[in-house]
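**Q** next one to model:
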Amino acid sequence: MVILGFGNSDFFVALKKLSWIWTSKIAHKPFRSFRVGLTRYYLPEENFENTNGIELAMANIYYLRFATTQDTAAFNELIAIFCRPRKWNWWWYRLTGNYSGDDRIAYSSMKTAKVAKVFRKKLPIGYSFAMLQYFESMNKQFMGFYKEVFEKDESTKQLFANGEGWIATLEDVAKDGVHGEFEKVCELNAHTIWMYLKHNKIKTDEQIRQLERNRD
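**A** This next block holds a predicted model:
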């Protein structure tokens with residue numbers, strides 16, 4: 001892979017030099033980590049394996065903002081949400097029974113905002129676009145697997161088009177009380193949340209079909 005060696009503050013100039021990125025789609029983790037300054041940042045595992053609910057929700061909000069407005073700040077927020085340093089004692093967590101499968105430090109909106117500014121100035125654009133395609137590939141696969149959940153009626157399409165529906169989904173799961181309050185739900189693995197929603201949707205749809213059959 002070609003990695004251009006300049007910061008993405010010259011975003012649109014760099015974009016013209018990256019014609020290869022549109023013809024060479026990235027479907028798997030393109031690299032394990034990268035270094036910016038003295039800090040090494042690690043990518044998420046494939047298929048959102050170690051991605052929690054709030055990470056996925058916020059990533060989609062910033063992704064939609066970037067896609068609709070070409071806001072480079074949103075682009076860098078998206079990358080910073082997923083690419084985080086390891087915990088200083090990551091090896092210890094692997095030895096405990098509570099290991100979540102994620103060596104990266106916990107997601108924090110405040111830390112992400114600071115890192116995004118660093119990425120905007122110092123992260124080579126090639127790394128950014130590789131990560132963007134990696135995210136897009138995983139996101140498409142994820143939404144396809146849970147398509148029953150993402151099929152919304154006309155009254156909620158605009159909500160999800162703006163990205164706010166991702167947070168609303170976490171709030172709805174928290175209201176059910178099965179997985180705890182909102183903060184707890186945010187920390188759950190994304191697949192745990194959307195599998196729960198998928199099963200609920202399938203059961204609800206079957207109940208509706210049964211009622212319709214009984215009416216006939």
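**Q** centre of the chain to the helix or strand where His191 lies, how far?
**A** Per DSSP states H and E, His191 falls inside helix 190-215. Its chain's C-alpha centre and that of helix 190-215 lie 25 Å apart, by CA atoms, centre = their mean, to the nearest Å.
**Q** mind giving me the packing neighbours of that helix?
**A** Packing partners of helix 190-215 (3 or more CB pairs under 8 Å, 6 or more residues apart in numbering; DSSP states H and E): helix 53-69, helix 147-150, helix 164-176. Just so you know, the C-beta spots here come from the backbone N, C-alpha and C atoms, and that holds for glycine as well.
**Q** okay, now the nearest residue to Asp205 once chain neighbours are set aside: neighbour count?
**A** Of all residues not flanking Asp205 in the chain, Glu148 sits nearest, at 7.6 Å (CB to CB, 6 or more residues apart in numbering). Neighbour count for Glu148, taken as other CB atoms under 10 Å: 15.
**Q** ok, and the closest non-adjacent residue to the residue positioned nearest the centre of the chain?
**A** Note on the chain: the residue nearest the mean C-alpha position is Leu56, at 3.3 Å, using CA atoms, centre = their mean. Once flanking residues are discounted, Leu56 sits nearest to Ala190: 4.5 Å by CB to CB, 6+ apart.
**Q** tell me who's in contact with that neighbour.
**A** Phe48, Thr51, Asn52, Gly53, Glu55, Leu56, Phe142 (CB atoms under 8 Å, 6 or more residues apart in numbering).
**Q** can you tell me how far the residue nearest to Asp205 sits from Val173?
**A** Distance check for Glu148 against Val173: by CB to CB, to the nearest Å, it reads 15 Å.
**Q** before we move on, what about Leu123?
**A** For Leu123, the distance to Val173 - CB to CB - is 33 Å.
**Q** likewise for Ser100?
**A** Relative to Val173, and taking CB to CB, Ser100 is found at 18 Å.
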